Structure formats: structure tokens, C-alpha cells
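A.B. asks: This is a predicted model, with the sequence first.
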Amino acid sequence: MKTMTTISHLTQTAPPQQLLKLMMLASSNLPIGSYTYSQGVESAIEQGFIHDEASSLAFLQAYQQEVLLNFELPLMASMMQLSAQKNHHSLVDSLANFYGASRDSHEFLLESQQLAQAFCAWLDGVLDLAMPQDWIAQGYLPLFARLAYFWQLPIADSMMTYAFAQMENLTLAIVKTLPLGQMAGQRIIWQLGQAMDEPIAKLCQTQASKVKTALTAIHHPQAVVAKLQDIAPQFLQAQQHAQTLLILINHLQLSASVPSLAELSCHHEQQYSRLFRS
């Protein structure tokens, strides 16, 4: 058994108000209705992919890598970094709209929009903070990123908070559906969390570099045309904002494609008996 030792870090603290905001965003009691969604977990249980603690951990590890680390967290970091740049709010909007377009099923699209709507109701009712209607339509993750930037929260802490809330919610969906037990659920959440420190620290560095490179390319029209000739010549006749978004996504290396999860969601839409809305 491990023992606790005294360390110098005990005197280092995050600003109390900043910590409070992160804790509120991570709380499972945040009244946005996330507990009614399972992000494909219920369908995976129905089809036998998830049936015990080991298979639950394996599924969530794959979700953590393919959905969070490969797409959602890099997108969040990029949105926050672009928000800090002058005259680039249109690029933030473009990434937010790209997130909405990346929803692979009707269920996932509705989930993101309904969570955003409930999130805005919480912001308005509790914090007296109103959000533009077009931000609500873009979905939950873009709204989360905008709020984190507005609150001046560190990017790494914001990503960890979002990831923890997602993984805790999916784990609870499994615990509610399978005869798994709270201790098993806690072990799963702990193991998932332990694997996030290094990837998130790396993402903060790599995405900052990618955003800088993307902005350099976008600001040089000739380079944009040359790049489009290489990766998507059919876009040469597209509107300028579409060309810019393509270059941005290409430089940020965002991959939103998870076909297996989309298939699970489509199956869930036709599932005979359901506890969750996704």
C-alpha cells in the first residue's frame, strides 16, 4: 500500500475563484442534463461490447483517445488560442460551426444543442450571464471553450475539466446500466484521469504552434492557393471563408471521424428500449 509523504507542493494553490469555476464546470450536479446522455455507451452495452469492468475501461480508453484527445480537446485549445488573437473571431466561429457539422448522427447533434441550451440557461439564471443565440446553436463544446476563455481559465485546466466531466458521465452511464458497482466505476475514472496529464500538456504546446502556423498561412493568399492545389483543388472556386476554414483545419490536424461511434449512435436511435437519449 502506498503511503503519503510531505511535499513542497502543499503550499502552491490555484486562485480560489479560478478553482471554484473549474469545480462548478466539472461537477456532475451542473444542471445541464448530461446524465440523460450516454454518447453511445448504452448501445455498446446492448451489443455486448461493454459487459464488465475491463471492457468498460477499454471502451472508454478508446473514446478518450479517438474523441477527446484526437478532436474535441485540440478543437477547444485552438478556439481558446484564437480567441486571444485580435481580429480572428470569425475563425473561432468557423471552428465552432465545424464542430456542429462534425456530429455524426441526429442524436449527437441534438445532444450538443440541448446541452448548450441548458448550459446557457444556467449561465443566465445563476451567473446573470447572457450568451448570443448563434453561440447556442453551435453546440456545447464551443460554448464551453468560449466561457473558459471569458473566465480567463488556463487552457490545460479547461481541457482537463471538460474531459473529466465527459468521462465521469460516461462511466456513470455504465454503472447505472450494468451491475458494475461504484468502486469499479471509481477505478475506471481514476485510471482514465491518470492517463490525461501528459497528453493535455503536449496538446497545449502543439496546438499553439499549429495555430500560429495556420494563421501565417491564412495571411498569405498565395500560400493558401498553393496549399489548396495540393490538398483539395476543388475548393479553389469556393468562397474565401470556406477556403480559410479548410486551411485552418488542415494545419490544426483535426480529425472528427469516429465511424464506429457513429454506427453505435445510429443503432441507438432504433434501439427497442432506451434509458438514455444518446
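C.D. replies: The structure has been received and is ready for your questions.

A.B. asks: For the residue lying closest to residue 165 once chain neighbours are set aside, the count of nearby residues, please.
C.D. replies: Distances taken as C-beta to C-beta, 6 or more residues apart in numbering place residue 26 nearest to residue 165, at 5.1 Å, with adjacent residues excluded. All C-beta spots, glycine's among them, are computed from the backbone N, C-alpha and C. Residue 26 is flanked by 17 other residues according to other C-beta atoms under 10 Å.

A.B. asks: contacting residues around residue 139?
C.D. replies: 96, 99-100, 103, 109, 112-113, 115-116 (C-beta atoms under 8 Å, 6 or more residues apart in numbering).

A.B. asks: how about it, phi and psi?
C.D. replies: Main-chain torsions, residue 139, degrees, to the nearest 10: phi 110, psi 180.

A.B. asks: three-state assignment of residue 153?
C.D. replies: coil (DSSP: H, G, I helix; E, B strand; the rest coil).

A.B. asks: That one is in contact with residue 24, isn't it?
C.D. replies: No. Residue 153 lies out of contact with residue 24 (C-beta atoms under 8 Å); the separation is 11.2 Å.

A.B. asks: So between those two, which is more surrounded?
C.D. replies: In this comparison of residue 153 against residue 24, neighbours counted by other C-beta under 10 Å, the higher total goes to residue 153 at 20 against 14.

A.B. asks: Check the spacing between that one and residue 15 real quick.
C.D. replies: Per C-beta to C-beta, to the nearest Å, residue 153 is found 10 Å from residue 15.

A.B. asks: which regions of this protein lie under the pLDDT threshold?
C.D. replies: Within the chain, the ranges that satisfy pLDDT under 70 run 1-14, 221-241, 274, 277-278.

A.B. asks: in it, which spans are helices?
C.D. replies: For the chain, the helices defined by DSSP state H cover 16-26, 41-46, 53-63, 73-83, 89-101, 106-127, 133-137, 140-150, 155-177, 182-194, 197-218, 221-231, 240-252, 259-269.

A.B. asks: For the third one, name the packing helices and strands.
C.D. replies: For helix 53-63, the helices and strands in contact under the criterion 3 or more C-beta pairs under 8 Å, 6 or more residues apart in numbering; DSSP states H and E are helix 155-177, helix 182-194.

A.B. asks: As TSV, these with mean neighbour count and distance to residue 215 would be great.
C.D. replies: Converted to TSV, those look like this (neighbours: other C-beta atoms under 10 Å; distance: least, C-beta to C-beta, whole Å):
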stretch	mean neighbour count	distance to residue 215
helix 155-177	21	17
helix 182-194	15	33
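
A.B. asks: So for residue 34, which of the helices of the chain sits nearest?
C.D. replies: helix 155-177 (5.0 Å; C-beta to C-beta).

A.B. asks: so what does that closest one touch, helix or strand wise?
C.D. replies: In terms of contacts (3+ C-beta pairs under 8 Å, 6+ apart), helix 155-177 is packed against helix 16-26, helix 41-46, helix 53-63, helix 73-83, helix 140-150, helix 182-194, helix 197-218.

A.B. asks: how about these in TSV, adding distance to residue 166?
C.D. replies: Shown next, in TSV, are these (distance: least, C-beta to C-beta, whole Å):
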stretch	distance to residue 166
helix 16-26	10
helix 41-46	11
helix 53-63	8
helix 73-83	10
helix 140-150	9
helix 182-194	10
helix 197-218	13
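
A.B. asks: CSV for the helices and strands packed on helix 53-63, including distance to residue 258?
C.D. replies: Formatted as CSV, the helices and strands packed on helix 53-63 follow (distance: least, C-beta to C-beta, whole Å):
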stretch, distance to residue 258
helix 155-177, 14
helix 182-194, 17
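
A.B. asks: quick one, which of the ones you listed is nearest to residue 256?
C.D. replies: helix 155-177 (15.3 Å).
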